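*Asks:* need a structure here:
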Amino acid sequence: MIEDRNHNPKLLIGIAGGLIAVIAIFLAYQWFIASNVENSPTYETELTTPAQVKAKPAEAVPLAEAEPTQKLIEEDILQAPVPENASIAKEEIAKLDDIQLQLAEQENTLKAQHADADQLLKLKEEQIKLLEAQLAQTH
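*Replies:* Model (predicted):
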């Protein structure tokens, strides 16, 4: 009986200390993850034309905030002189190919979003008709 009384406070302190250690580790982990997310670099691709190489790069606009009349590429790219150095010309061609791929991907995404919106509209119309029919039956 006397041994149980002597060991109980130690057991209670050990359990409390273990719980505090687990909570401290959890909070440190959350803090570490949050600081990594804030410090992690965001990867944004910058598209430049020959005319923009010497100019400051434009800031990236998220797709959701982009205006529908926004120019995706500059019109003066067609009149830009072709570089005489073959490696620079290949880089420019690679950049233009990347732009073309991004535009194609964006077009496919927008078409998919448009199809999804049309399907949602049809489903909402059906839901409204069903709700109107249920309302008509209850009255």
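*Asks:* tell me the average confidence for stretch 121-139?
*Replies:* Summarised as a single mean, pLDDT over stretch 121-139 is 93.
*Asks:* And for stretch 13-32?
*Replies:* What stretch 13-32 shows for mean pLDDT is 91.
*Asks:* and what of stretch 74-83?
*Replies:* For stretch 74-83, the per-residue pLDDT averages 72.
*Asks:* With only the CA atoms kept, save that stretch in CSV.
*Replies:* C-alpha atoms of stretch 74-83 as CSV (Å, rounded to 0.1, in the frame of the first residue of the first chain):
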residue,chain,number,x,y,z
GLU,A,74,2.2,40.6,-78.2
GLU,A,75,1.3,41.5,-81.9
ASP,A,76,4.8,42.8,-82.6
ILE,A,77,6.3,39.3,-82.3
LEU,A,78,5.5,38.9,-86.0
GLN,A,79,7.5,41.9,-87.0
ALA,A,80,10.5,41.1,-84.7
PRO,A,81,13.7,40.5,-86.5
VAL,A,82,15.0,36.9,-86.6
PRO,A,83,18.2,36.6,-84.5
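*Asks:* Pull out the buried residues from that stretch.
*Replies:* Buried residues in stretch 74-83, counted by 16 or more other C-beta atoms under 10 Å: none are found. C-beta: built from backbone N, CA, C; applies to glycine.
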